[in-house]
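*Asks:* Below is the sequence, then the predicted model.
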2 protein chains.
Amino acid sequence: MGFIEQAAAIVGSAQVLTGSDIARYVDDPTGAYHSAPLCVVRPGSTREVSDLMALAYGMGQVVVPVSGNTGVSGGTFNEGAVMLSVERMNAVREVNASARTATVEAGVILDRLRDAADDAGLVFPVVFGARGSAMVGGILSTNAGGSNVLRYGNTRAQCLGIEVVLADGRVMDLMTALHKDNSGYDLRDLMIGAEGTLGIITAAVMKLSPKPAHTVTAMLAPVSLDAALTVLNRLQAASGGAVEACEYMPRSYIERQLAQIAGAREPFDAPHEVNVLVELAGDAGLSELFEDVLGAALEEGLIADAVIAQNDTQRAAMWERRESAAEVTLATTPALMGDIALPVDRLSDFFAAMRDRLSKIEPKAQETCVAHLGDGNIHYVAYSEANDPDLKIRLSEAMEGLVADMRGSFSAEHGVGLYKLGSMERHKNPVALDVMRSIKTALDPKGILNPGKVIPA
Amino acid sequence: MGFIEQAAAIVGSAQVLTGSDIARYVDDPTGAYHSAPLCVVRPGSTREVSDLMALAYGMGQVVVPVSGNTGVSGGTFNEGAVMLSVERMNAVREVNASARTATVEAGVILDRLRDAADDAGLVFPVVFGARGSAMVGGILSTNAGGSNVLRYGNTRAQCLGIEVVLADGRVMDLMTALHKDNSGYDLRDLMIGAEGTLGIITAAVMKLSPKPAHTVTAMLAPVSLDAALTVLNRLQAASGGAVEACEYMPRSYIERQLAQIAGAREPFDAPHEVNVLVELAGDAGLSELFEDVLGAALEEGLIADAVIAQNDTQRAAMWERRESAAEVTLATTPALMGDIALPVDRLSDFFAAMRDRLSKIEPKAQETCVAHLGDGNIHYVAYSEANDPDLKIRLSEAMEGLVADMRGSFSAEHGVGLYKLGSMERHKNPVALDVMRSIKTALDPKGILNPGKVIPA
């Protein structure tokens, strides 16, 4: 019997999909990758995942885990592999408001987890555009970032425990709800962000955070990026670290947003080069504190203008400006799309140097970006009408070389997948690459778990 | 030539210590372990560490890294090994106030890092009793905890980048100051907490946090541990997570503290069973908020009494009561010393069940503890005058069995070392143990890096 028949004996034949039934699994959301898997299997329990992996291990069958399929780096692309979808394992097993934890299965959609936390008077702070379809298994496997990393850290920082099925089907139970646990190597964090190449995450205990009583949201127009960082640091110092988000949008982005999005409005009466969405959350004293810092910054000439949201509608409009970034930037096909991270005080240096490189490579190119200013993550985008097949490569190498010079990362929050394998080869510390290869071989000796991703051959 | 002669050629003969010169390195601070190493070598640079490891690797010579030697789990015990001390690598290379980072070498003492952060108007939040001698290499290698984990996380959460020398002398440079970096497996967090068994951490980029403008410190007498947790959660909700520390001391501890420490005073006019030190930090509005929550809790009968520190002297006295724990609990040799972690809502269940087990094993035994209530970490201590050599083992197994039943950890913040090898064998998930062994073999195939620690044979 082949894999499909034996898999059907484990999960039931209705949960082994082939042919036209698998259409929605095979296209990468970016449109860059289209694959032809052997089949899609949809286990309903950890036990079934374990049995499927034991079967695959015995046969040497390649398996690619998939959850919400919202990744943009080709991490679930495969050819002839079994796609193991965790979508049916979608129980919110427990929300413990007293211990501030949520125990969830890998197929739980991010927004559902956020709502469950909210219902308990708490917050699950990971948030980004695809929150309505991304699932827990995927946000853990890619260590998703988003807009609140500044305050709460990335997905890794929200996870207390996980359950993982290994390549040979063994279940590694690390499902603890502990804030301190030094019992050996940190296997949890090794599995998080490994993009399904070391094991399949089937469930997790996530940390929930106190829901802030009061939120202040504003648009600021600092006179420069360095002035923006100064204002951010002052807000952090005055509030004891209450800044939740600090999102940079240059004038070039604002103009594209106004052109692309129906009903979009200027953030200020006059156009400004630097536009920053800032949000603080804490107690009721925040508003006064915020206005004090702002008043001083205006007086000193650090910011040219500021608008504070007066109600939820105004707040939503400010976030809508930022959250339409994917639609705005992809309206024209970019020649370069970066997801880079830099030390937070090097952003203005990067933009100056990158503009210089860009103008030399392609003088007619146009750039824009959105950036998580508080955590140094820039989604840098360049457009060109030049019909030059090498242009993408040259632009990418220019950007990544600059990032490497500044000790940044070519991969901030979107993962490596297939898309950044070349960058890993060129820019990751070669000793670190060797160590990754050793670990991969040790944990997946037959190379059946999402092979060819993350680590260049 | 032997190792000593060749090592002298690398670091200079003055930095290779033998005989009576190594006395201060060989005693474990608990007095439980005394070892006879081959020599102590004190490299002055990463290059020298690399050359020493390449030498050791070639000869199959066992190496045990050591920094402040303040660990209490026998992690640096060795027999016939080379002790590699990083104490001379003690430069604070850079404090970047704008990016909120400190780049430090492994031999920097914790208090010096804390002071350097303070001088820059920031805070390095890791704090515990041995802060005057523990070093960066050690606090990273053991993923040290302490009193501020509730707010800031443990040492792992404060680290952005590390430099590690591997078993064969190769240098793995992960020295980035990035808040988002998804470029492959999380090797940083794998090395942190590995107690020197996978590599030697030689330098790190640490994250600094905003210094809170205002601090509120108080002693509370909740009517029960569950009431204490309710009050903690209300304070977190009202302040948006501004609680820095929440430290539990039972009446039995207060009485021992009064008896042992000259000048110690009662926390309240009347004795209370549950005594909690709570500290919040944030903006000036905190005091009012704190008093509001407290007032309501008093009215509802959740707390019986409360004293708020009115000045730094009173605040220091409150912390002194908690920080004298090592002196207080070790004044008599305990029959059981636990460093356990539980889900934060299971503490009162644990104490009730443990008291029951204790009374059955040894009716005359006395118990006490201090606990980090906010993160579920209990330093549980029992005393007995019974002359029974098996008592320690029976008490330890009773405690660890209970902890396992509650999905807690037998090792919260003191590491495994030699002391908890048996606990790892009995209670750690066996699949996780196998994975740890695979990783150890993959990264240290000759087994020369701190062998026999962390992972049971």
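*Replies:* On my side now, so go ahead.
*Asks:* Is the helix or strand residue A:112 falls within in proximity to chain B?
*Replies:* For residue A:112, the element it lies in under DSSP states H and E is helix A:110-119. No: Helix A:110-119 does not reach chain B (CB under 8 Å from any CB of the partner chain); its nearest approach is 12.8 Å. Yep, even glycine has a C-beta here, placed from its N, CA and C like the rest.
*Asks:* and the stretch 201-350 of chain A, which residues reach chain B?
*Replies:* A:209-214, A:229-230, A:233, A:236-242, A:281-286, A:289, A:341-346.
*Asks:* Mind checking the pLDDT average for the helix holding residue A:112?
*Replies:* Mean per-residue pLDDT for helix A:110-119: 98.
*Asks:* One more: stretch A:256-274?
*Replies:* 96.
*Asks:* who touches residue A:294 in this structure?
*Replies:* If you count contacts by CB atoms under 8 Å, 6 or more residues apart in numbering or on different chains, residue A:294 has them with A:218, A:220, A:303, A:306.
*Asks:* ranking these by neighbours, who comes first?
*Replies:* residue A:220 (28 neighbours; other CB atoms under 10 Å in any protein chain shown).
*Asks:* So that one lies in a helix, does it not?
*Replies:* No: using DSSP: H, G, I helix; E, B strand; the rest coil, the assignment for residue A:220 is strand, not a helix.
*Asks:* which residues does it form a beta bridge with?
*Replies:* Counting by DSSP bridges, residue A:220 forms beta bridges with residue A:276, residue A:306.
*Asks:* Quick one, which of the residues of the stretch 201-350 of chain A next to chain B are buried?
*Replies:* Using 16 or more other CB atoms under 10 Å in any protein chain shown as the burial test, these include A:209-212, A:229-230, A:233, A:236-242, A:281-283, A:285-286, A:289, A:341-346 as buried.
*Asks:* Could you dump the contacts of residue A:294 into a markdown table with distance to residue B:37 and pLDDT added?
*Replies:* Converted to a markdown table, those look like this (distance: CB to CB, whole Å; pLDDT from 0 to 100):
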| residue | distance to residue B:37 | pLDDT |
| --- | --- | --- |
| A:218 | 60 | 98 |
| A:220 | 58 | 98 |
| A:303 | 60 | 98 |
| A:306 | 62 | 97 |
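*Asks:* doesn't residue A:156 make contact with residue A:204?
*Replies:* No: Residue A:204 lies out of contact with residue A:156 (CB atoms under 8 Å); the separation is 11.1 Å.
*Asks:* Make sure residue A:173 is actually in contact with residue A:166.
*Replies:* No: counting by CB under 8 Å, residue A:173 does not reach residue A:166; the two are 11.3 Å apart.
*Asks:* Can the helix or strand encompassing residue A:52 be said to contact chain B?
*Replies:* For residue A:52, the element it lies in under DSSP H and E is helix A:46-59. No: taking CB under 8 Å from any CB as the criterion, helix A:46-59 and chain B are apart, separated by no less than 10.8 Å.
*Asks:* Could you export that helix as CSV, CA atoms only?
*Replies:* What follows is helix A:46-59, C-alpha atoms only, in CSV (Å, rounded to 0.1, in the frame of the first residue of the first chain):
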residue,chain,number,x,y,z
THR,A,46,-1.8,14.8,18.0
ARG,A,47,-2.1,11.0,18.0
GLU,A,48,-3.0,11.1,14.3
VAL,A,49,-0.1,13.5,13.5
SER,A,50,2.2,11.1,15.4
ASP,A,51,0.9,8.1,13.5
LEU,A,52,1.2,9.9,10.1
MET,A,53,4.8,10.9,10.9
ALA,A,54,5.7,7.4,12.0
LEU,A,55,4.3,6.2,8.7
ALA,A,56,6.1,8.8,6.6
TYR,A,57,9.4,8.1,8.5
GLY,A,58,9.2,4.5,7.7
MET,A,59,8.6,5.2,4.0
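*Asks:* So which bits of that helix are buried?
*Replies:* Applying 16+ other CB under 10 Å to helix A:46-59 flags A:46, A:48-57 as buried.
*Asks:* What is the nearest of those residues to residue B:268?
*Replies:* Lowest distance from residue B:268 to those (CB to CB) belongs to residue A:46, with 49.4 Å.
*Asks:* Which helix or strand in chain A has the lowest average pLDDT?
*Replies:* Counting by mean pLDDT, DSSP states H and E, the weakest-scoring helix or strand in chain A turns out to be helix A:23-26, with a mean of 88.
*Asks:* Now do that helix: everything it contacts.
*Replies:* Under CB under 8 Å, 6+ apart, the answer for helix A:23-26 is A:17, A:34-37, A:40, A:66, A:69, A:76, A:83, A:85.
*Asks:* Closest one to chain B out of these, please.
*Replies:* Within the contacts of helix A:23-26, distances to chain B taken as CB to the nearest CB reach their minimum at residue A:76, with 15.6 Å.
*Asks:* Now do the contacts for the closest one.
*Replies:* A:25, A:28, A:64-66, A:69, A:83, A:196, A:417, A:450.
*Asks:* Least confident of these?
*Replies:* Least confident entry in the contacts of residue A:76, by pLDDT: residue A:28, with 75.
*Asks:* I'd assumed residue A:74 was in contact with it.
*Replies:* Yes: at 5.6 Å, residue A:28 counts as touching residue A:74 under the criterion of CB under 8 Å.
*Asks:* Just want the residue of chain A that's nearest chain B.
*Replies:* Closest point on chain A to chain B, by CB to the nearest CB, is residue A:285, at 2.8 Å.
*Asks:* surely that residue meets residue B:284?
*Replies:* Yes: Residue A:285 is within contact range of residue B:284, at 6.7 Å (criterion: CB under 8 Å).
*Asks:* Now the residue nearest the centre of chain A. Nearest residue, chain neighbours left out?
*Replies:* Nearest to the mean C-alpha position of chain A, by CA atoms, centre = their mean, lies residue A:144 at 3.2 Å. Sequence neighbours aside, residue A:155 is the residue nearest to residue A:144 in space, at 4.7 Å (criterion: CB to CB, 6 or more residues apart in numbering or on different chains).
*Asks:* Now the one you found. Its backbone dihedrals?
*Replies:* Main-chain torsions, residue A:155, degrees, to the nearest 10: phi -60, psi -40.
*Asks:* That one and residue B:32, how far apart?
*Replies:* As judged by CB to CB, to the nearest Å, residue A:155 and residue B:32 stand 40 Å apart.
*Asks:* More neighbours: which of the two?
*Replies:* residue A:155 (27 against 13).
*Asks:* so how far is residue A:110 from the more buried one?
*Replies:* As for residue A:155, its distance to residue A:110 is 10 Å (criterion: CB to CB).
*Asks:* quick one: common contacting residues for those two?
*Replies:* In contact with both residue A:155 and residue A:110: A:126, A:139, using CB under 8 Å, 6+ apart.
*Asks:* and residue A:95, what element?
*Replies:* Residue A:95 belongs to strand A:92-96 when elements are defined using DSSP H and E.
*Asks:* Output the contacting helices and strands for that strand.
*Replies:* When contacts are defined as 3 or more CB pairs under 8 Å, 6 or more residues apart in numbering or on different chains; DSSP states H and E, strand A:92-96 sits against strand A:101-105, helix A:110-119.
*Asks:* Out of these, flag the one nearest residue A:5.
*Replies:* So among these, strand A:101-105 is nearest, using CB to CB, at 26.7 Å.
*Asks:* Partner strands of the closest one and their direction?
*Replies:* When DSSP bridges is applied, strand A:101-105 pairs with strand A:92-96 (antiparallel), strand A:200-207 (antiparallel).
*Asks:* do you know which of the helices and strands packed on strand A:92-96 lies nearest residue B:180?
*Replies:* Counting by CB to CB, residue B:180 lies closest to helix A:110-119 out of the helices and strands packed on strand A:92-96; the figure is 17.5 Å.
*Asks:* for the following helix or strand past that closest one, what is the average pLDDT?
*Replies:* Next in sequence after helix A:110-119, counting helices and strands by DSSP H and E, comes strand A:122-123. Average pLDDT, strand A:122-123: 96.
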